[in-house]
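> Build the 3D model from these lines:
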Amino acid sequence: MKAFISSVRPLMGAGGLVLGHAAALAIGLVLMIAGIGMGVTIVLLPLGIATGITGLFIFLWGLLGFAPWEHDRPASPEQRIQP
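Numbers count the residues shown, from 1 in each chain. The predicted model follows:
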């Protein structure tokens, strides 16, 4: 039973990472579209610019979260391989 628990945890952790970054991609895209929509009107132009830039940063964070260098590090000292 112990082997089952230890083999499921990394899968759940990876699934959580993918889900979190996929949500960031979706939220960032929605904010960028809303910023463009608000930027069309002169009254909401300052708010639209701020919303669009915030959406862009969230979207880029979601994209860069899938980078391989972020997930190569061991999570704890116990997981490091000793030479």
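> can you give me the helices for the chain?
When assigned using DSSP state H, the helices of the chain occupy the ranges 2-40, 45-64, 68-71.
> And these, which one averages the lowest pLDDT?
Across these, helix 68-71 has the smallest mean pLDDT, namely a mean of 54.
> coming back round to it: any chance of the helices of the chain in TSV, with mean neighbour count too?
Where C-beta positions appear, they are placed from N, C-alpha and C, glycine not excepted. As requested, the helices of the chain are arranged in TSV below (neighbours: other C-beta atoms under 10 Å):
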stretch	mean neighbour count
helix 2-40	13
helix 45-64	16
helix 68-71	9
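> so what's Leu29 closest to, chain neighbours aside?
For Leu29, ignoring the flanking residues on the chain, the nearest one in space by C-beta to C-beta, 6 or more residues apart in numbering is Phe59 at 6.0 Å.
> for the one you found, what are its contacts?
With C-beta atoms under 8 Å, 6 or more residues apart in numbering as the criterion, the residues that contact Phe59 are 24-25, 28-29, 31-32.
> Please apply the same query to Gly52.
Per C-beta under 8 Å, 6+ apart, neighbours of Gly52: 31-32, 34-36, 38-39.
> Try it again at 10 Å.
Taking C-beta atoms under 10 Å, 6 or more residues apart in numbering as the definition of contact, the neighbours of Gly52 are 31-39.
> Ok, Ile53 next?
31-32, 35.
> and of those, the nearest to Met12?
Checking those against Met12 with C-beta to C-beta, the nearest one is Leu31 at 28.3 Å.
> wait, that closest one sits on Leu60?
No: the pair Leu31 / Leu60 is not scored as a contact, 11.9 Å apart, by C-beta atoms under 10 Å.
> Thr54 reaches Met38, doesn't it?
No: with contacts counted by C-beta under 10 Å, Thr54 stays clear of Met38, the gap being 11.9 Å.
> Next one: Ala26 from Ile33, what distance?
Summarising the geometry, the distance separating Ala26 from Ile33, computed by C-beta to C-beta, to the nearest Å, is 11 Å.
> correction: Leu25
Applying C-beta to C-beta, the value for Leu25 to Ile33 is 13 Å.
> and if you look at Thr54?
12 Å.
> Over to Ala23?
For Ala23, the distance to Ile33 (C-beta to C-beta) stands at 16 Å.
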